[in-house]
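Novice: just coords:
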């Protein structure tokens, strides 16, 4: 499965521009400049226009409107952390006024302002209102080709931006280990108690490893699958007193990891 792109406010707030007081919500920038909202209200950005006016009041240059921290989201891990530049054109009625030279100048100066402390993605987003979106997208693509930015300039609507730059809390978790395969491995012990012990030890160890990595979704997956398999084995087979005690203790161990995991989310 391909990684999802999610907004990563930790990236944004770590930048010097934010620490100097030029951070706010992307939706606030949109409402302030265009009287139009609609962006995910959790997204924090670097307000580049305001920052430019502050640091260079007598020699203003064009900038993109905002820089947003993002990362690729892979099984609860955030990788490839970076900033993306965003230009809002929500008041546009005539997209024929778009200038590739201006867009390129905005991009170049914004990158100069941001410096090199956090990587800035080569991909840039231009957000238009729905009424001009279709035509605007074609023009942005054409200008990108003309100005050497093919594949890097992308036109979006507000809704399209929200769908692309996602909220990690709303992305369904995909198990790293198949619950069916975990249970199948337990059920294949074939009355060999030593093999059952090895299987229990293997998955208990893995659940603790994921716990230490803070992948609590995978802890839940492994523990619940293992407990279900062990309870099924207890109901289907006969064990002596010592074996029965051991299996129940292992179930308690899985429950202990599961409960510890649940307490971390509270």
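Specialist: Ah, there it is. This one's a predicted model, so the numbers in the text were calculated from it and none came from an experiment.
Novice: residues near residue 215, how many?
Specialist: The number of residues packed near residue 215 is 19, by other CB atoms under 10 Å. Placement of C-beta: from N, CA and C, glycine included.
Novice: same question, residue 80
Specialist: Residue 80 has 14 neighbours, counted by other CB under 10 Å.
Novice: Likewise for the one 5 residues further on?
Specialist: Look at residue 85: counted by other CB under 10 Å, it has 24 neighbours.
Novice: Same question for residue 91.
Specialist: Residue 91 - counted by other CB under 10 Å - has 12 other residues nearby.
Novice: so what's it closest to, chain neighbours aside?
Specialist: Excluding the flanking residues, the one nearest residue 91 by CB to CB, 6 or more residues apart in numbering is residue 34, at 5.2 Å.
Novice: need the contact list for the one you found.
Specialist: Counting by CB atoms under 8 Å, 6 or more residues apart in numbering, residue 34 touches 88, 90, 91.
Novice: Name all residues that make contact with the second one.
Specialist: It refers to residue 90. Residue 90 neighbours (CB under 8 Å, 6+ apart): 30, 34, 36, 127, 128, 129, 158.
Novice: go again using 6 Å as the cut-off
Specialist: 34, 36, 129 (CB atoms under 6 Å, 6 or more residues apart in numbering).
Novice: how close does it get to residue 33?
Specialist: Separation of residue 90 from residue 33 (CB to CB, to the nearest Å): 8 Å.
Novice: The last one too?
Specialist: From residue 91 over to residue 33 the distance is 8 Å, taken as CB to CB.
Novice: Same question for residue 210.
Specialist: Counting by CB to CB, the gap from residue 210 to residue 33 is 44 Å.
Novice: Give me the helices and strands touching the longest strand belonging to the chain, please.
Specialist: Using DSSP state E, we find that the single longest strand of the chain is strand 77-89. Using 3 or more CB pairs under 6 Å, 6 or more residues apart in numbering; DSSP states H and E, the elements in contact with strand 77-89 are strand 66-74, strand 120-128.
Novice: go again using 8 Å as the cut-off
Specialist: Under the contact criterion of 3 or more CB pairs under 8 Å, 6 or more residues apart in numbering; DSSP states H and E, strand 77-89 touches helix 9-13, helix 26-34, strand 66-74, helix 100-114, strand 120-128.
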